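In: show me how the following folds:
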Amino acid sequence: MKFKADEIASVIQKEIEDFRGQVETSEVGRVLEVGDGIARVYGLQSAMAGEMVEFQNGVRGLVFNLEENSVGVILLGPFRDIKEGDEVKTLGALLSVPVGEALLGRVVDPLGNALDGKGPVVTSETRPVETIAPGIAGRQPVKQPLQTGIKAVDSMTPIGRGQRELIIGDRKTGKTAVAIDTILAQKGGDVICVYVASGQRASNVAAVVEALEKNGAMDYSIVVSASASDPAPLQYIAPYAGAAIAEHFMYQGKHTLIVYDDLTKQAQAYRELSLLMRRPPGREAYPGDVFYCHSRLLERSVKLSDELGGGSMTALPIIETQEGEVSAYIPTNVISITDGQIYLEPDLFFAGVRPAINVGISVSRVGGNAQTKAMKKVAGSLRLDLAAFRELEAFAQLGTDLDKATQQQLDRGYRMVELLKQPQFQPLHYADQVFSIFAGTNGFFDAVPVDKVLEVEQEMIRFMREQKSEVRDAMVETGELDAEALTAALTEFAKTLEGRFEEE
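Out: Coordinates of the predicted model:
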């Protein structure tokens, strides 16, 4: 293929016309010392806190400490190849993360690099990892429910879109299970979910991803992972990166749910970095600004005003306690920032009550505002009934004879506790939850043996779906409870059980 001279000339002429002489300036410093995910750099006089820097081997870092003669940098990559005397240049930019639809269904690290072996994430949009939360004028009250699919949560500690509900408990009490079930409950809905794993074992993260894939939830989910084997700086920035990814969708008017699993390990990573940087330790050796670390993260969860598009970001931060010590530093910090907590108790967990939610300590500060009218109606007295049952149960253990009414109340309490149990990865539609709780509180399970309650509940839900679909559809459509129609339907179902459990 031959080019004519005038064609070549015109191309060169156009290049000359478009040329703009630009001088790129970047300050260059030198590494003084490096190790444990941090570096001290000399010579970056005009570097700003939170600014990105680049080392000569391509690894990036974040300016963390500004000192008199040097700057402290946290390293967002392997630090073993960085040596004393290496060049470091400022980039004049804040740390940003790729955002957009391309991330759906993907597992990425806090910098947006793919971890799932499905090739790079291709998106042209980025968002700063740290942004200021909307002010009061940019928010509106939390009123719209976010269904978790968990009976004990939706009935007694309801979560609204834009709320921050803490999940707290000892290790291995089912905290992640509650969060994952909430993600699964969004299937077929309009909520985009972001699961942030900070400091978790890689095998645990893989198990979560597998559960989401198996249940078809990865289509609307994004997993951000900085596992326990990753450097502390990545574990520290992971929740902020997840928040930025969710915010992108929120500012488009969409609804998002973000799970921070868990903020205890993020605080520990932050403490590690701060102590290495010689920041003064405070209570429990945490730096004094660890509260700000969590508050600026959780304040980003919001139900935006209609002027800003009405999108929402609901946060489920997870905190791990030691031996139920909720009065430790990090748990009390996060309890004071959030709008309520779901407290999971080891004793209940090992007694087979799963989810192991302690109804007495768990609370939602949004409450009935975040419930449908039907749920509000049936669950109104549930918390008090269960509290009264726990008191009676303690009294009954003394071995005293009980009168018939007390025995009846005790029997119904056992059935209600059984009814609030739920297998993992099986979230229920809110209409089915209303049927279950209504049936339990109105005595339709009184004749059913305790160990058969969950089995009969499944039959009842099936009966309502298949034979009384008009009652169910009316509730789903209006959100209101037709107690008369429901009582008639459940009476009909109760007749199918007559004589079934007498021999037993």
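In: Val434 touches Lys373, doesn't it?
Out: No. Counting by Cβ atoms under 8 Å, Val434 does not reach Lys373; the two are 10.1 Å apart. Placement of C-beta: from N, CA and C, glycine included.
In: which residues are in contact with both of those two?
Out: Both Val434 and Lys373 are in contact with Leu481, where contact means Cβ atoms under 8 Å, 6 or more residues apart in numbering.
In: so Met48 sits right up against Val71, yeah?
Out: No. At 9.5 Å, Met48 and Val71 do not qualify as touching, with contact defined as Cβ under 8 Å.
In: who has more neighbours, the two?
Out: Per other Cβ atoms under 10 Å, whichever of Met48 and Val71 has more neighbours is Val71, with 26 against 12.
In: ok so the more buried one is a helix residue?
Out: No. If the criterion is DSSP: H, G, I helix; E, B strand; the rest coil, then Val71 is strand and not within a helix.
In: now do the SS call for the residue lying closest to Cys293 once chain neighbours are set aside.
Out: Excluding the flanking residues, the one nearest Cys293 by Cβ to Cβ, 6 or more residues apart in numbering is Tyr270, at 5.5 Å. In three-state terms, and counting by three-state DSSP, Tyr270 is helix.
In: buried stuff in the longest helix seen in the chain?
Out: Longest helix in the chain, counting residues (DSSP state H): helix 232-250. Using 16 or more other Cβ atoms under 10 Å as the test for burial, helix 232-250 gives 232-250.
In: check which helices and strands the longest strand seen in the chain is in contact with.
Out: Secondary structure of the chain per DSSP state E: the longest strand is strand 312-321. The contact analysis (3 or more Cβ pairs under 8 Å, 6 or more residues apart in numbering; DSSP states H and E) places strand 312-321 against strand 166-170, helix 175-184, helix 232-250, strand 255-261, helix 263-276, helix 290-298, helix 329-337.
In: so how far is it from its chain's centroid?
Out: How far strand 312-321 lies from its chain's middle: 5 Å, per Cα atoms, centre = their mean, to the nearest Å.
In: between helix 263-276 and it, find me the angle.
Out: Angle, strand 312-321 to helix 263-276, by axes from the mean of the first three to the mean of the last three Cα atoms, to 10 degrees: 70 degrees.
In: quick check: angle from strand 312-321 to strand 255-261?
Out: Using the same axes, to 10 degrees: strand 312-321 against strand 255-261 is 10 degrees.
In: mean confidence score for strand 312-321?
Out: What strand 312-321 shows for mean pLDDT is 98.
In: tell me which residues of it are tucked away?
Out: In strand 312-321, counting by 16+ other Cβ under 10 Å, buried: Ser312, Met313, Thr314, Ala315, Leu316, Pro317, Ile318, Ile319, Glu320, Thr321.
In: and what of stretch 290-298?
Out: Applying 16+ other Cβ under 10 Å to stretch 290-298 flags Val290, Phe291, Cys293, His294, Ser295, Arg296, Leu297, Leu298 as buried.
In: could those go into CSV alongside distance to Val122 and pLDDT?
Out: As requested, these are exported to CSV (distance: Cβ to Cβ, whole Å; pLDDT from 0 to 100):
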residue, distance to Val122, pLDDT
Val290, 36, 97
Phe291, 38, 97
Cys293, 32, 96
His294, 33, 98
Ser295, 35, 97
Arg296, 30, 96
Leu297, 28, 98
Leu298, 31, 98
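In: could you pull up the mean pLDDT of the longest helix of the chain?
Out: pLDDT averaged over helix 232-250 gives 97.
In: just give the closest residue to Lys452, not the sequence neighbours.
Out: Nearest to Lys452 is Phe501, by Cβ to Cβ, 6+ apart, at 6.8 Å.
In: any idea how far Ile180 is from the one residue sitting closest to the centre of the chain?
Out: The centroid of the chain falls nearest to Val259 when counting by Cα atoms, centre = their mean (1.3 Å). Counting by Cβ to Cβ, to the nearest Å, the gap from Val259 to Ile180 is 8 Å.
In: name the residues contacting each of those two.
Out: The contact lists of Val259 and Ile180 share Tyr195, where a contact means Cβ under 8 Å, 6+ apart.
In: circling back to that earlier point, what's near enough to touch the residue nearest to the centre of the chain?
Out: Val259 sits next to Ala179, Thr182, Ile183, Cys193, Val194, Tyr195, Val196, Ala315, Leu316, Ile318 when contact means Cβ under 8 Å, 6+ apart.
In: out of those, which are buried?
Out: Ala179, Thr182, Ile183, Cys193, Val194, Tyr195, Val196, Ala315, Leu316, Ile318.
In: hmm, the second one is touching Pro427, no?
Out: Yes. Between Thr182 and Pro427 there is a contact at 7.5 Å, judged by Cβ under 8 Å.
In: which residues do the two both contact?
Out: Residues touching both Thr182 and Pro427 (Cβ under 8 Å, 6+ apart): Thr148, Gly149, Ile150.
In: brilliant, that's me finished.
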